[in-house]
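S.K.: structure for this input, please:
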Amino acid sequence: MRCCWPALVVVLARADEATFDADLQSWWHSDVAPTFDTLDAAAAAHLRPADAAAFEKATGSTVAAMLRGARDAAQAVTTSDPLPCASAPVVLSTKKVVPHPLNARGFHAFRALVATRVMHDVVAKGAGNWRHILLRDGYVAEAFVGLDGHNRLPVEIAAKLETLFRRNFSTVQGPWERAVTIPQDKQHYLHVDTYLPTYKAWLFSNVTVADGPFAYVRGSHHASVHKLRWLFGRTRHLKSIQAMPGASPDTYAARGPFAEATHGYEASLRFAGADPDNEVATATALRAAGFERPTLFTSPGTTLVVVADTSGLHARARQAPGNVRTQLLPPIPLLPRLPPADLPDEVRGEAVGGGRNCAPRRNVFHCARHALQCALP
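M.R.: So this is what the prediction gives:
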């Protein structure tokens with residue numbers, strides 16, 4: 001059975017993603033009533049004056065205009081669709097990008113601002129130095145000697161992961177996977193997975209720059225002025241379902257710097273101008289937008305555990321021909337939960353998605369009411 005475990009995880013994750021995408025009702029994963037009062041309350045409780053100033057500087061719009069405009073847009077809906085995109089259950093959901101008339105004024109960036117503030121406030125309530133580093137930088141990484149004699153995580157590393165995710169990592173074990181990517185792989189291009197904080201974990205063994213290491217732009221998970229400005233620029237044209245660009249193919253046919261007109265649209269927004277074949281051009285494009293150059297997570301001669309908030313910019317660096325990336329992806333959604341156990345009707349704040357090493361994504365408005373359950377997702 002052990003040999004079939006990775007395949008089973010992939011099958012279950014893909015089946016869940018298909019259900020998630022097909023069922024509009026599944027966009028809402030919370031016992032919190034999906035009303036605009038919920039949005040008003042979350043903004044009032046979690047946004048600071050500095051957040052409002054940053055949002056206005058990035059978009060030219062105000063928080064008050066977003067709150068008022070969201071209600072007005074929902075009331076103006078004339079479609080017979082039971083869940084139009086401007087409705088509260090869709091706007092207040094885990095859907096990565098919502099086509100909305102207010103996107104022309106920064107609504108997607110506003111969703112990201114509220115989501116980031118709620119989740120960072122929730123995560124900050126937990127214990128452990130890893131949480132502090134994760135909130136500060138967007139990632140935490142620690143080297144260790146490797147798997148133990150039983151091909152399992154060392155006790156101290158498993159304990160730190162359990163403190164973060166409240167799941168039993170003692171059941172995670174090898175063997176290591178040997179990952180090979182093709183040049184057309186979308187993951188080579190810097191991107192954010194979604195608009196709300198979401199967390200993934202990796203284990204890397206003896207990974208060099210030539211092996212295609214994980215890359216992350218430190219601090220890009222924050223709802224800073226430059227992050228909000230970038231989100232605004234990438235989504236301001238997505239004002240309706242009819243305005244949504246055509247989706248990209250499974251792999252990119254074109255090489256060179258990312259451009260939506262060339263590569264196609266991704267709900268996991270790509271960073272225009274980033275080029276996985278040109279570090280200088282990528283660093284220049286990032287610097288012009290206010291971001292750092294990517295950090296590469298290599299582990300020559302050792303093993304590295306990495307946890308990252310993939311609402312920040314990240315990618316898989318190019319892999320030299322013939323090289324492999326030795327990694328282990330813990331199946332976080334399927335790991336046994338640790339006490340205090342959640343009752344069935346209290347689990348509705350989570351939705352599996354984003355891969356087997358991705359923590360269940362929390363609806364931020366559920367987390368505003370259930371901090372204990374959501375810290376960390």
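S.K.: how about the helices in the stretch 51-200 of the chain?
M.R.: 63-75, 88-91, 107-123, 129-137, 155-165 (DSSP state H, counting those that start in this stretch).
S.K.: elements contacting the longest one?
M.R.: Helices and strands in packing contact with helix 107-123 are listed as helix 36-46, helix 49-59, helix 63-75, helix 129-137, helix 225-235, helix 364-367, helix 371-374; criterion 3 or more C-beta pairs under 8 Å, 6 or more residues apart in numbering; DSSP states H and E. Quick note: C-beta positions are derived from backbone N, CA and C, even for glycine.
S.K.: for Tyr195, find the nearest of those helices.
M.R.: Evaluated with C-beta to C-beta, the helices and strands packed on helix 107-123 place helix 225-235 nearest to Tyr195, the distance being 7.3 Å.
S.K.: contacts for that closest one, please.
M.R.: 54-55, 57-59, 97, 103, 106, 108-109, 112-113, 195, 220, 269, 271-272, 289-291 (C-beta atoms under 8 Å, 6 or more residues apart in numbering).
S.K.: ok, now with 6 Å
M.R.: 54-55, 57-59, 103, 106, 108-109, 112, 269, 289-290 (C-beta atoms under 6 Å, 6 or more residues apart in numbering).
S.K.: same check on stretch 325-336?
M.R.: 9, 167-168, 172, 176-179, 201-205, 207, 211-212, 352, 356-357, 359-360.
S.K.: quick one: residues contacting Ser61.
M.R.: Contacts of Ser61 (C-beta under 6 Å, 6+ apart): 105-106.
S.K.: try it again at 10 Å.
M.R.: 55, 69, 102, 104-107, 109-110, 232 (C-beta atoms under 10 Å, 6 or more residues apart in numbering).
S.K.: repeat for Arg167
M.R.: Arg167 makes contact with 161, 330-338, 359-360, 376 under the criterion C-beta under 10 Å, 6+ apart.
S.K.: do Ala289 as well
M.R.: 217, 220, 226-227, 229-230, 233, 271-273, 313.
S.K.: list buried residues within these.
M.R.: By neighbour count, with 16 or more other C-beta atoms under 10 Å, those hold 217, 220, 226-227, 229-230, 271-273, 313 as buried.
S.K.: and those as a markdown table, adding distance to Arg131 and pLDDT?
M.R.: Output for the buried ones among the contacts of Ala289, formatted as a markdown table (distance: C-beta to C-beta, whole Å; pLDDT from 0 to 100):
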| residue | distance to Arg131 | pLDDT |
| --- | --- | --- |
| Val217 | 20 | 98 |
| Ser220 | 18 | 98 |
| His226 | 24 | 98 |
| Lys227 | 20 | 98 |
| Arg229 | 28 | 98 |
| Trp230 | 26 | 98 |
| Phe271 | 27 | 98 |
| Ala272 | 32 | 96 |
| Gly273 | 33 | 96 |
| Leu313 | 21 | 98 |
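S.K.: in TSV: the residues you listed, plus distance to Val91.
M.R.: Converted to TSV, the buried ones among the contacts of Ala289 look like this (distance: C-beta to C-beta, whole Å):
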residue	distance to Val91
Val217	27
Ser220	24
His226	24
Lys227	20
Arg229	21
Trp230	21
Phe271	25
Ala272	25
Gly273	29
Leu313	24
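S.K.: so His100 touches Ser93, yeah?
M.R.: No: at 11.9 Å, His100 does not count as touching Ser93 under the criterion of C-beta atoms under 10 Å.
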